[in-house]
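> Any chance you can model this:
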Amino acid sequence: MSVVPRAHRRPTGDGGNVPPTLTYVLADAAAIAVSLGIAHLLRFGASAALLPGPNVPYVLVAVFAVPVWLGVLALAGCYDRRILGVGSDEYRRVLNGGVHFLAVTALAHFLGRLVIARGYVGVLIPVALVLTLLVRFGLRSWLQRQRRHGRYVHRLLLVGTPSAVVDVGQHLVRSEWSGFLLVGVCVESDGRSLPIGARSIPVVGTPADLPSAIERCGADSVAMTTEAMPGELRSLADDLAATDVDLLVAPAIADVAGPRTVVRDVAGLPLLHVEEPTFTGPQRVAKELFDRVSAAAALLVLAPLFALVALVVVVDSPGPVFFRQTRVGRDGRRFNMVKFRTMVVGAERMQAGLEHRNEADGVLFKLRTDPRVTRSGRFLRRYSIDELPQLLNVVRGEMSMVGPRPPLPAEVELYEGHVNRRLLVKPGITGLWQVSGRSDLPWDESVRLDLYYVDHWSPTMDLTIMAKTFSAVLRGDGAY
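This next block holds a predicted model:
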């Protein structure tokens, strides 16, 4: 089997379809340049813009700092096109770059006898990290918008059995913002297309006809499911080595792949080791401390807003300001979750008469135009302001800032075996479900996201979700 080299294949469209690395380099350069200015002004003041250092002018330090910063980011893998715009690894690499920059500065000080004010360095590196992370966050939002319109994406051909292709393809179709556009499938099928998610993906050939299929759909990436034979993968890898076509392997354990998987070499045989999820330990203690301290601080800062919202709720409809509802927390323990009241008094008793209008699947009950919701409640729900009193639940240790959606007891009674894993951690005020569609998510997708969080939690993931929550709330998508 041979694959046509890129030079002789049909072009895939939009300018190479890879993230614009130069844009990232220029943005990072701007971030470090602004950081240098801030550090100089804070350390020496506006009147000392050209202040010379003890043995090297600070202007010269700034000139060299920009390429050094870009260099350490490059060495940390921050410009790897595979991580741009997806996952938390991009942010981790930026933090690693900051550590490398500090190491370079220390070496320049001790080996090159370069004297730089400690206050200057102490301001420069944290500010550079913060600005670079903010720039990366903004670029990620921009890049994901571009990808939703088919730009800067990899045109992906998925190969395997129909069942495996549909299973993997559903993940890809749901998240085309991540940079992979599914343009065709190679399966043994008599049909001309295969329904995957909300799309109909053309069948462009069979696994035995892969070279022609790649040419036919203009793919620049090929993903094989793990149901392929090892010899087939090796043969395909050899054929693709001389081309610009990327080869990926979609594991059958897609829902546990990620930070828990590590490739280990055993006597020359690569084995995919799946580590146990972490539910205890120092990181969990740090999460607990962060949750309670940040929730207490947020309650103090938001006290004026709480008073204003309480007044609006009381004026809009008779009844209490807060709504308390029994929810199920970690290990199945029940607690009273607190929210601002957004419905008329007695709304729970009215639900039975509305069940025939339920628009949600699974065990949930949702109505886009719920007649029980008050006028102020619609606004509070759209921007998730009604959820803010749950900070009290976080302070009491019943909830977390980030976690799975807090379920009702009636929902838990309908859980199937694997869904009960949601109860291994505390429920959260926000989570992957909040930043991925909120009430618009189907039940199965909501469960998948919650279980993914349970098994792959990390401090970096929490911070990423919290940052994404602000934009999700401002958009108001899926909130009703």
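> With adjacent residues omitted, what lies nearest to residue 137?
Leaving aside its chain neighbours, residue 137 sits nearest to residue 467 (6.3 Å; criterion: CB to CB, 6 or more residues apart in numbering). Heads up, the C-betas are built off the backbone N, CA and C, glycines and all.
> What helix or strand is that neighbour located in?
helix 459-475 (DSSP states H and E).
> Just list what that helix packs against, helices and strands only.
Judged by 3 or more CB pairs under 8 Å, 6 or more residues apart in numbering; DSSP states H and E, helix 459-475 is in contact with helix 89-110, helix 282-301, strand 400-402, strand 428-430, helix 432-435.
> Let's have those in a markdown table, adding mean pLDDT.
Shown next, in a markdown table, are the helices and strands packed on helix 459-475 (pLDDT from 0 to 100):
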| stretch | mean pLDDT |
| --- | --- |
| helix 89-110 | 88 |
| helix 282-301 | 92 |
| strand 400-402 | 94 |
| strand 428-430 | 92 |
| helix 432-435 | 81 |
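> Kindly reformat those as JSON lines containing distance to residue 313 and mean neighbour count.
JSON lines is the format used below for the helices and strands packed on helix 459-475 (distance: least, CB to CB, whole Å; neighbours: other CB atoms under 10 Å):
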{"stretch": "helix 89-110", "distance to residue 313": "38", "mean neighbour count": "17"}
{"stretch": "helix 282-301", "distance to residue 313": "18", "mean neighbour count": "14"}
{"stretch": "strand 400-402", "distance to residue 313": "24", "mean neighbour count": "26"}
{"stretch": "strand 428-430", "distance to residue 313": "19", "mean neighbour count": "25"}
{"stretch": "helix 432-435", "distance to residue 313": "22", "mean neighbour count": "23"}
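> Distance to residue 214 for the ones you listed - can I get that in TSV?
Below are the helices and strands packed on helix 459-475 laid out as TSV (distance: least, CB to CB, whole Å):
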stretch	distance to residue 214
helix 89-110	28
helix 282-301	43
strand 400-402	41
strand 428-430	41
helix 432-435	34
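> Mind checking those for the one nearest to residue 171?
Nearest to residue 171 among the helices and strands packed on helix 459-475 is helix 432-435 (13.6 Å), distances taken as CB to CB.
> Now the element after the closest one, going C-ward?
Next along the chain after helix 432-435, taking DSSP H and E as the criterion, comes helix 443-456.
> Next, the buried residues of that next one.
Within helix 443-456, the residues scored as buried using 16 or more other CB atoms under 10 Å are 445-456.
> Which elements pack onto that helix?
Counting contacts by 3+ CB pairs under 8 Å, 6+ apart, helix 443-456 packs against helix 432-435.
> just checking, what packs against the helix it packs on?
With contacts taken as 3+ CB pairs under 8 Å, 6+ apart, helix 432-435 sits against helix 443-456, helix 459-475.
> relative orientation of the longest one and helix 282-301 in degrees?
Using axes from the mean of the first three to the mean of the last three CA atoms, to 10 degrees, the inter-axis angle of helix 459-475 relative to helix 282-301 is 30 degrees.
> how about the CA coordinates for the helix holding residue 467, as CSV?
The C-alpha coordinates for helix 459-475 follow below in CSV (Å, rounded to 0.1, in the frame of the first residue of the first chain):
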residue,chain,number,x,y,z
PRO,A,459,-5.6,21.9,39.6
THR,A,460,-4.9,23.1,36.1
MET,A,461,-8.2,21.7,34.8
ASP,A,462,-10.0,23.5,37.7
LEU,A,463,-8.5,26.8,36.9
THR,A,464,-9.2,26.3,33.1
ILE,A,465,-12.8,25.5,33.8
MET,A,466,-13.2,28.5,36.1
ALA,A,467,-11.7,30.8,33.5
LYS,A,468,-14.1,29.4,30.8
THR,A,469,-17.1,29.7,33.1
PHE,A,470,-17.0,33.5,32.8
SER,A,471,-17.3,33.5,29.0
ALA,A,472,-20.0,30.8,29.2
VAL,A,473,-22.0,32.8,31.7
LEU,A,474,-21.7,36.0,29.7
ARG,A,475,-22.9,34.3,26.5
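> ranges for the helices of the stretch 51-200 of the chain?
Under the criterion DSSP state H, counting those that start in this stretch, helices of the stretch 51-200 of the chain are mapped to 58-75, 89-110, 118-148, 162-174.
> And for residue 33, nearest residue in space, chain neighbours not counted?
Counting by CB to CB, 6+ apart, residue 33 lies nearest to residue 66, which is 6.2 Å off, once chain neighbours are set aside.
> Quickly note the distance from the one you found to residue 41.
To residue 41, residue 66 is 17 Å away according to CB to CB, to the nearest Å.
> With residue 424 instead?
Residue 424 is 49 Å from residue 41, by CB to CB.
> ditto for residue 214
According to CB to CB, residue 214 stands 55 Å off from residue 41.
> now the helices and strands packed on helix 432-435 in TSV, with mean pLDDT and distance to residue 373?
Shown next, in TSV, are the helices and strands packed on helix 432-435 (pLDDT from 0 to 100; distance: least, CB to CB, whole Å):
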stretch	mean pLDDT	distance to residue 373
helix 443-456	82	21
helix 459-475	81	18
